[in-house]
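Student: Here's a sequence, model it:
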Amino acid sequence: MHSRPCSRRLASLVLVALFSALSLLGSAQDQPARPDRAKIEKAMKDGNWQTAFEGFRAFALDASAAEQTAAQDLQQAAQALLQLGRLDEYDALVEAAVKAHPAHWRVLWTAGQLFAGTQSHGTIIAGKFHRGPHRGGDGRWVYTFERDRARALQLMQEAMLKAGDGEDARARADFFQQFAQLLVRRYQTMDVWRL
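Tutor: Residues are numbered from 1 along each chain as shown. Sure, this is the predicted structure:
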């Protein structure tokens, strides 16, 4: 008499386990495969910029990535993008990495450096800014040095607030030195006192 309810419970447990396994398998298939870091680094070394960009971009935008690794991956993705001549995508890449790692001071620092070191000109076409040179006569050419510097300073300010005292002292010293250089970059040596 007791064997029938036990076998029903066992069958129910087996069905629940089977559906759970199928559900996990389905969700795993929905996620794109994580790029192989060794292959991406080799692509970068070999000058295969598109593969390198796609891989390092995926690494840089992974919110679960370690802070220092994500910062280095963002730098590599930006370098590959520049090699591809796709400056138009530069701002979106950097801002996406900032959004993925809002609490990581090294990523914010790297993003600030990237804005401070990029080409500071572009074209406004139909109300949208396109960084870098533009073919054709349409659009309005703009110089973005002050805008880029302001965004870089914002990111460096955020990084400064998030860099804890327990961090690597050497890295923090490098950060503060670069932050100071960015602050005085626009001014002549004689005018720095005005800050």
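
Student: Strands along this structure, start to end?
Tutor: According to DSSP state E, the chain carries its strands in the segments 121-125, 128-131, 140-143.

Student: Next, format those as TSV and append distance to K39.
Tutor: To be clear about C-beta, it is placed using only N, CA and C from the backbone, and glycine gets the same treatment. Below are those laid out as TSV (distance: least, Cβ to Cβ, whole Å):
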stretch	distance to K39
strand 121-125	33
strand 128-131	29
strand 140-143	39
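
Student: quick one, which of those strands is nearest to F175?
Tutor: Nearest to F175 among the strands of the chain is strand 128-131 (25.1 Å), distances taken as Cβ to Cβ.

Student: in that closest one, what counts as buried?
Tutor: By neighbour count on 16 or more other Cβ atoms under 10 Å, the buried set for strand 128-131 is H130, R131.

Student: got it, and stretch 163-181?
Tutor: Using 16+ other Cβ under 10 Å as the test for burial, stretch 163-181 gives A163, R172, F175, Q178, F179.

Student: Any figure for the gap between the closest residue to R57 other than its chain neighbours and R135?
Tutor: Setting aside the residues directly before and after it, R57 is nearest to A77 in space (Cβ to Cβ, 6 or more residues apart in numbering), at 4.5 Å. As judged by Cβ to Cβ, to the nearest Å, A77 and R135 stand 25 Å apart.

Student: Compare these two (neighbour count), which wins?
Tutor: Set A77 next to R135 and count neighbours by other Cβ atoms under 10 Å: A77 wins out with 29 against 6.

Student: got a list of what the more buried one touches?
Tutor: A52, F53, F56, R57, F59, A60, L93, A97 (Cβ atoms under 8 Å, 6 or more residues apart in numbering).

Student: Where does pLDDT dip in the chain?
Tutor: 1-34, 165-167, 186-195 (pLDDT under 70).

Student: re the thing from before, of all the strands of the chain, which one is nearest R37?
Tutor: Among the strands of the chain, strand 128-131 sits nearest to R37 (Cβ to Cβ), with 28.3 Å.

Student: Can you list the neighbours in contact with the closest one?
Tutor: By Cβ under 8 Å, 6+ apart, strand 128-131 touches 87-88, 90-91, 118-119, 121-124, 139, 142, 144.

Student: Apply 6 Å and report the result again.
Tutor: Strand 128-131 is contacted from outside by L87, D88, Y90, G122, T123, using Cβ atoms under 6 Å, 6 or more residues apart in numbering.

Student: go on, stretch 144-151?
Tutor: F115, S120.

Student: Just the buried positions in that stretch, please.
Tutor: Buried residues in stretch 144-151, defined by neighbour count with 16+ other Cβ under 10 Å: T144, D148, R149, R151.
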